[in-house]
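Asks: with the input below, show me the fold.
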Amino acid sequence: MLPEIKQIKTGVYQQARMALRHLLGNDEMINRVTKDSFFDYHAKGLHYLSLGMSSDGNRMKLYFFDKAATGGSHVLCPHDHVYDFDTIVFTGEAEDEWFEETSVDDQNGDRHTKFSFDSPIRGGKNGFQFVEEVGLRSLGTSRAVAGRGWSTPGDAVHTLRIRRPETVLIMRQKPDDKESSFTFTPGSDREPPSLSGLYRKPSATEYKRLMRKILA
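Replies: Prediction:
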């Protein structure tokens, strides 16, 4: 079942903008959240700005997609997560495609190679590990523009397409409920995806520069 795309209440959207402005004016907090932020996060052109923790104990984060991550292709290979999360499109337009894992011989699915992913940014040391060859069948795509959002369970296999340059997503990440996630690469190649050139740590100055651009 595809996620239900909902209109976000105007007050929630405005509160998010106010919170970002408040963060931008607090150098002590900027220095703290910059340590948990990454440029070229998982893919070139996808930048992750940590926004700290919410009052209810969930991790808040912002994804900025520059031109390198925009277009008709998936930003990442299909994957799941170790946590449930909520997504708001702050600016721009995003499509979320969901998949069902099937047998490798399923004629309605496309052959993929399944890897477990022990993320290095979460303290993992194993990276990608081959699991098996499987089939993936697309369940369809949902589209959301600024002011709309949806919820995603951690076990949903999905990926995004970003339709407009400089799209910004705000995410509320709930607590982890499993140890590792899975990534599905097209075809039968058992060579794991390369992480070379990814996960660059920005400086506080770079963090603030990008946040000002988002709020301009």
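Asks: from residue 108, how far off is residue 21?
Replies: 48 Å (CB to CB, to the nearest Å). Quick note: C-beta positions are derived from backbone N, CA and C, even for glycine.
Asks: shaky segments in the chain?
Replies: 10, 68, 122-125 (pLDDT under 70).
Asks: ok, which stretches of the protein are strands?
Replies: Using DSSP state E, the strands of the chain run over 6-7, 46-53, 59-65, 85-91, 93-102, 110-118, 127-145, 148-152, 157-162, 167-173, 181-186.
Asks: leaving out chain neighbours, which residue sits closest to the residue most central in space within the chain?
Replies: In the chain, the residue lying closest to the centroid (CA atoms, centre = their mean) is residue 63, at 6.8 Å. Using CB to CB, 6 or more residues apart in numbering and skipping the chain neighbours, the partner closest in space to residue 63 is residue 169 (4.4 Å).
Asks: who does that neighbour form a beta bridge with?
Replies: residue 63, residue 89 (DSSP bridges).
Asks: longest helix of the chain?
Replies: helix 10-24 (DSSP state H).
Asks: could you check how far residue 58 is from residue 201?
Replies: 23 Å.
Asks: one more: residue 16?
Replies: From residue 16 to residue 201 the distance is 25 Å (CB to CB).
Asks: higher neighbour count, the two?
Replies: The residue with more neighbours, out of residue 16 and residue 201, is residue 16; 17 against 12, by other CB atoms under 10 Å.
Asks: so how many other residues sit close to the residue lying closest to residue 167 once chain neighbours are set aside?
Replies: Excluding the flanking residues, the one nearest residue 167 by CB to CB, 6+ apart is residue 92, at 2.7 Å. Neighbourhood size, residue 92 [other CB under 10 Å]: 19.
Asks: if you count neighbours, what's buried in stretch 66-81?
Replies: Residues 66, 69-70, 74-75, 77-81 are the ones in stretch 66-81 that count as buried (16 or more other CB atoms under 10 Å).
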